[in-house]
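**Q** structure for the following, please:
(2 chains)
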Number of protein chains: 2
Amino acid sequence: MVPHLITALTGPINELEQRLLDATPVIERWFRLEWMEHTPPLYCSADIRNAGFKLAPVDTNLYPDGWHHLSPEMLPLAVQAAQAAIEKICPEARNLLIVPENGKPSSFYLASLQRLREIFRMAGLNVRFGSIDPALGRNVTVALPDGEKLTLEPAQRTRYRIGLKDFDPCTVVLNNDLSAGAPGILEELREQYLLPPLQAGWSVRRKSRHFKCYEGVSKRFGKLIGIDPWLIAPLFASCGEIDIHEPSGDECLRSNVDALLTKIRRKYKEYGIAEKPFVIVKDDHGTHGMGIMTVRDVKDLDRPSRPPMQDKAGAVPRGEVIIQEGVLTRERIHDAVAEPVVYMIDRYVVGGFYRVHADRAEDENLNAPGAKFVPLAFAAAQLPRPGVKAGASAPNRFYMYGVIGRLALVAASYELEATDPEMQDEG
Amino acid sequence: MVPHLITALTGPINELEQRLLDATPVIERWFRLEWMEHTPPLYCSADIRNAGFKLAPVDTNLYPDGWHHLSPEMLPLAVQAAQAAIEKICPEARNLLIVPENGKPSSFYLASLQRLREIFRMAGLNVRFGSIDPALGRNVTVALPDGEKLTLEPAQRTRYRIGLKDFDPCTVVLNNDLSAGAPGILEELREQYLLPPLQAGWSVRRKSRHFKCYEGVSKRFGKLIGIDPWLIAPLFASCGEIDIHEPSGDECLRSNVDALLTKIRRKYKEYGIAEKPFVIVKDDHGTHGMGIMTVRDVKDLDRPSRPPMQDKAGAVPRGEVIIQEGVLTRERIHDAVAEPVVYMIDRYVVGGFYRVHADRAEDENLNAPGAKFVPLAFAAAQLPRPGVKAGASAPNRFYMYGVIGRLALVAASYELEATDPEMQDEG
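**A** The predicted model follows:
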C-alpha cells in the first residue's frame, strides 16, 4: 500500500533522519510531557514538505476534510484515537453532532464527511450532521455512491446548547472553518463541548500566529535533539492589513519578501545548498489553497506580471498576508511532485496521504485544482523501526513525518490557548 | 486477511448479535464509564467460544504470549494502545523492562517476546529483558530467525527498584505468570510500576475468582442490553483443595460436576438446544492449557477411565479445580475446530487470532499441543458496521468478540482490585 517514492535524499536529511530515529525515546517522552500540559485539538492535518536538506510543515488545518483519502486499513487506528478523545472529553456521551461546511457539499466533501461519520460511529457514538448554513431550511438527504445515505439537518439552538429536533449531543465537532465568521448559533454553548473551539475558525485564526507558535516549538524541540530548528521550521514574516493591489500595500510585502529571501539565502549558504530560495505569499487566514503565490525574486512582485492573489471563491477577505519560506518537496510519485499530508486525531497520528500534482513544480503549492491523492498505508510505517538503519528502508521516513506533524499539532494547541477567550480573561 | 469461517450460526445467536450491534453506542458508553472507575490490566488475552446460541470467554490470560500471531497490520493499533497506557502510567518514562518467563525460551516464546518488544519500542521506549530466573547467571543473547537479536539479562534488585546493570526502568512489564510463586525480587517495588501487579500471578490468581467477577459483570451487562447473562457467561463451580487421585477428593468434584450438568441441561431445555451438555474440569490456577478434562457425564469421572489431570510440566500444583460449563465452538477453519483469541492492551482491542486444532472436537479444549494459529486481520473487523445488517457479513461477528473480550477485561480489573493488598489494607 505504500507507494514507491522516488526520493533523492542525500546529505543532511539522512543525518536529520538518523538524529530523529536515535532520539525516538526522547522524542516520544517529550510529546507525552507536552500533552500533560497542553490539550491537542480534536483533529488536525499537516501538509509537510521534504526538501531533503529540510523537512517542515507548511500548512496546518484544524478542520480537515479529505478523510476518505486515508487508506481503509487505517480506520481502526482512527477509531481508537477517536475513542481516546471521547473518553477524555465526554465519557458519558451517546450522541455526537458534526457541523459541516456551509453550502452544497461536493462529492469529495460528502465522501470525507461519510468517513468522519464512520470513525465516530465505530467509536460507538450516534452521529448526525447539523448544518449551520442559514440557507438550509429543511433536511437534505444525499445518496452516496456506495448506497449509504447522508442527511444534513438544520442545527437548532436552545439557550446554551445546539442540536437537532430529537438529538441532543454532548460533543459538537466542527468541520466548518468559519471563513465567513463565527455565527451566533455557535457562541456561548456553555453546556456542550465544541471541538475544535470557535477561535480555531478563520475569523480568529491566523497562519502567522500558528507559525509563530511553531517557531517556539521547533526551537525547544531543536534544543532537545540537538539540531538547528531551521531544519524543521519555515521562516516567515507577515504584513498586517494591506491591499496588495495598491502601491502602498506593496511596500510591506516587498521589504518582507526581500528580507526573507536574504535570510534563506544565508541559510542555504551556511548549509551549502545550491538551490534557488523562494517564498510563498498567501492569505494569512485563507483556506483551501486559493491565492497562493510563489515568489523567487522581489521583481516577481512587479505588476502586471504578478498574478492576482485572489481567492477563486471571492476576493481575499481582508488582505492580511503571510510570507513564508518556500520549502521544496523532493517527494515524487510516478514523476509527479508530491507532498505528504499527515492526519491526526487527538494526540495520535492516524494516517496520511500524498497530495500529488502533475502540473506543478517542486517549488509550487500543490493544494490546487488538479491535485490527486494517494493513500499512505501507515501500517508500521509512521512508526520508527529502531532495528532498521535510517536510509536502508523507506518506512523510516514516515516516522519523521509523524514527528513533524505532531510538532505542528503541539503548535496548534499553543495557538488555541493563546486565542482562548477564557484564558485571556484569566490572564 | 480474515480467514473464511464455516460458521453454522442460526437462531438465537443472530438475535444476540443484532442486540449487540443495535446497542453499540450504549455498550461503548458503558465501557467508557467502567474505565472511569476501574483500571484495566496492562494487557490481556481472552479465549472466546462461540457456540452459536451462546458466546462466552473460557479463559482470560493476564500474561499473554503469542503476540507474534497477531497480523502485522495490527501493529500500529497495538503501538497506539501501548502509547495510551504509558501516558497514563509513567509519561516521563524512557526505559521499560520486560520480565519474561523463567527457563530456556522456546522459539515460539522468543517470537512473542520480540513482537512485544517491538510494540513498546515503537511506542518510543528503550526496551530490555530482565530475567528473574535464578538459573540465569549472565546475559544470554539469542539470534532470531530474521537476524534480530534478543538478550535476556539477569534482573538486579536495589532497595525498592529492579533493573539491569546500566538500565533503570520506570515501568516493569511482567510477562511471567509466576506459577512458581511470587519471588522476593519482585516484591515491594515501591518506586516502580509493576504491570500487571504481583497478585495477577498464579500464586494468587484463581480462575474461579475471575469467573465470579465475570459473572457479576455479565449480569450488569445483560441488564444493560436486555439479555440473559447466561448467553455470554459460562456457569461454573469450584472445589477447594482436593486430591482427585484420592476417593475423598472425588466427592466434591462429582457433586459439582453433576449439579453443573443439571443446570446446563435446564438452560439448554429453556432455549430448546439439542446439544449434549458438558463441563470442563481444570486446575484453578493452572496455565498453558495443561490438564484440562472434558466431562460429559459424571460417570466419566470413574477411574480408571478418567485420564490423569496432570500438568505435563509437573503435577497439579495444589489440586484446586474449577468446573466450568463447556461452551461449544462452532467456528471452523478448513474443517478444523477453531476458537478466537482476542488481544487487548490497556482498554483497547488490538487484534486477535484463531486457535485451530485439527484433532480436537468442538467440545474439547484447543489450547493443547498440535494447535495452530491463524492471524485475524481486525482492520475494520473488530468494529461494528452500523450500516451493515447483522448476519449479512462476517465482520459483524468480530465486534461481538471484541465486546466479550472487553467484558473479560473488565472482570479482570475487578479481580485485581479484589486481590490488591493495598486495597485490602484500606478496606
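**Q** my read is that residue A:155 contacts residue A:165, right?
**A** No: look at residue A:155 against residue A:165 with C-beta atoms under 8 Å: they stay out of range, at 10.2 Å. To be clear about C-beta, it is placed using only N, CA and C from the backbone, and glycine gets the same treatment.
**Q** flag the shaky bits of the stretch 1-150 of chain A, pLDDT-wise.
**A** Applying pLDDT under 70 to the stretch 1-150 of chain A flags the ranges A:1-14.
**Q** what parts of it come near chain B?
**A** A:24-29, A:31-33, A:35-36, A:72-73, A:75-77, A:79-81, A:83-84, A:86-87, A:91-95, A:121-126, A:148 (C-beta under 8 Å from any C-beta of the partner chain).
**Q** which of these count as buried?
**A** Burial by neighbour count, 16 or more other C-beta atoms under 10 Å in any protein chain shown: within the residues of the stretch 1-150 of chain A next to chain B this picks out A:24-25, A:27-29, A:31-32, A:35, A:73, A:75-77, A:79-81, A:83-84, A:86-87, A:91, A:93-95, A:121-126.
**Q** could you check how far residue A:279 is from chain B?
**A** Using C-beta to the nearest C-beta, to the nearest Å, we find residue A:279 at a distance of 35 Å from chain B.
**Q** could you do residue A:62 as well?
**A** For residue A:62, the distance to chain B - C-beta to the nearest C-beta - is 21 Å.
**Q** how many neighbours does that residue have?
**A** Applying other C-beta atoms under 10 Å in any protein chain shown, we find 24 residues neighbouring residue A:62.
**Q** surely it touches residue A:413?
**A** No: here residue A:62 does not reach residue A:413: they are 10.4 Å apart, not a contact under C-beta under 8 Å.
**Q** point out where the stretch 301-427 of chain A drops to low pLDDT.
**A** Applying pLDDT under 70 to the stretch 301-427 of chain A flags residues A:303-318, A:377-396, A:424-427.
**Q** could you redo the last one with a cut-off of 90?
**A** A:301-321, A:330-338, A:350-354, A:356, A:358, A:361-370, A:372, A:374-402, A:420-427 (pLDDT under 90).
**Q** just give the nearest non-adjacent residue to residue A:112, would you?
**A** Computed as C-beta to C-beta, 6 or more residues apart in numbering or on different chains, the closest residue to residue A:112 that is not its neighbour in sequence is residue A:65, at 4.2 Å.
**Q** on the three-state scheme, residue A:204 is what?
**A** coil (DSSP: H, G, I helix; E, B strand; the rest coil).
**Q** ditto for the one 5 residues further on
**A** For residue A:209, the secondary-structure state derived from three-state DSSP is helix.
**Q** do you know how far the closest residue in space to it that isn't next to it in sequence is from residue A:176?
**A** Spatial nearest neighbour of residue A:209, excluding adjacent residues (C-beta to C-beta, 6+ apart): residue A:415 at 5.6 Å. According to C-beta to C-beta, to the nearest Å, residue A:415 and residue A:176 sit 18 Å apart.
**Q** these two: which is more packed in?
**A** Of the pair residue A:415 and residue A:176, residue A:415 is the one with more neighbours under other C-beta under 10 Å, namely 26 against 20.
**Q** looking at this, that one is in a strand?
**A** No: under three-state DSSP, residue A:415 falls outside any strand and is assigned helix.
**Q** got the contact list for it?
**A** Residues in contact with residue A:415, defined by C-beta atoms under 8 Å, 6 or more residues apart in numbering or on different chains, are A:205, A:209, A:210, A:213.
**Q** return the residues in contact with the second one.
**A** By that I understand residue A:209. For residue A:209, the contact set (C-beta under 8 Å, 6+ apart) comprises A:415, A:418, A:419.
**Q** from the residues you listed, which single one is nearest residue B:238?
**A** Nearest to residue B:238, judged by C-beta to C-beta, of the contacts of residue A:209 is residue A:415 at 58.7 Å.
**Q** quick one: that closest one from chain B, how far?
**A** Residue A:415 is 22 Å from chain B, where distance means C-beta to the nearest C-beta.
**Q** and what of residue A:354?
**A** Residue A:354 is 18 Å from chain B, by C-beta to the nearest C-beta.
**Q** ok, now residue A:178?
**A** In terms of C-beta to the nearest C-beta, residue A:178 sits 28 Å off from chain B.
**Q** that residue contacts residue A:197, doesn't it?
**A** No: contact criterion C-beta under 8 Å: residue A:178 and residue A:197 do not qualify, at 10.8 Å.
**Q** the residue nearest to residue A:112: neighbour count?
**A** As a burial measure, residue A:65 scores 23 neighbours (other C-beta under 10 Å).
**Q** and the residue lying farthest from the centre of chain A, what pLDDT?
**A** Distance from the centre of chain A peaks at residue A:166, with 33.7 Å (C-alpha atoms, centre = their mean). pLDDT recorded at residue A:166 is 94.
**Q** and the next helix or strand past the lengthiest helix in chain A?
**A** For chain A, the helix that runs over the most residues, judged by DSSP state H, is helix A:247-271. Next in sequence after helix A:247-271, counting helices and strands by DSSP states H and E, comes strand A:279-283.
**Q** name the helices or strands packed onto that following strand?
**A** Packing contacts for strand A:279-283, counted by 3 or more C-beta pairs under 8 Å, 6 or more residues apart in numbering or on different chains; DSSP states H and E, involve helix A:247-271, strand A:293-295, strand A:320-325.
**Q** can you give me the end-to-end span of stretch A:174-181?
**A** Start and end residues of stretch A:174-181 are separated by 13 Å (C-alpha to C-alpha, to the nearest Å).
**Q** hmm, who's touching that stretch?
**A** By C-beta under 8 Å, 6+ apart, stretch A:174-181 touches A:62-63, A:65, A:98-102, A:113, A:116, A:132, A:186, A:194-196, A:198, A:200-203, A:285, A:287, A:317.
**Q** mind redoing it with 6 Å?
**A** With contact meaning C-beta atoms under 6 Å, 6 or more residues apart in numbering or on different chains, stretch A:174-181 is reached by A:63, A:98, A:99, A:100, A:101, A:196, A:201, A:202, A:203, A:287.
**Q** save those residues as CSV, and put in distance to residue A:228 and neighbour count too.
**A** Putting the contacts of stretch A:174-181 into CSV (distance: C-beta to C-beta, whole Å; neighbours: other C-beta atoms under 10 Å in any protein chain shown) gives the following:
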residue, distance to residue A:228, neighbour count
A:63, 32, 25
A:98, 41, 21
A:99, 41, 23
A:100, 42, 24
A:101, 39, 21
A:196, 31, 21
A:201, 34, 22
A:202, 32, 21
A:203, 35, 16
A:287, 31, 18
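**Q** domain-wise, how is chain A divided?
**A** A:1-62+A:205-234+A:328-419, A:91-203, A:238-251+A:272-326 (automatic domain parsing).
**Q** to residue B:55, which of these lies closest?
**A** Closest of the domains of chain A to residue B:55 is domain A:91-203, at 19.0 Å (criterion: C-beta to C-beta).
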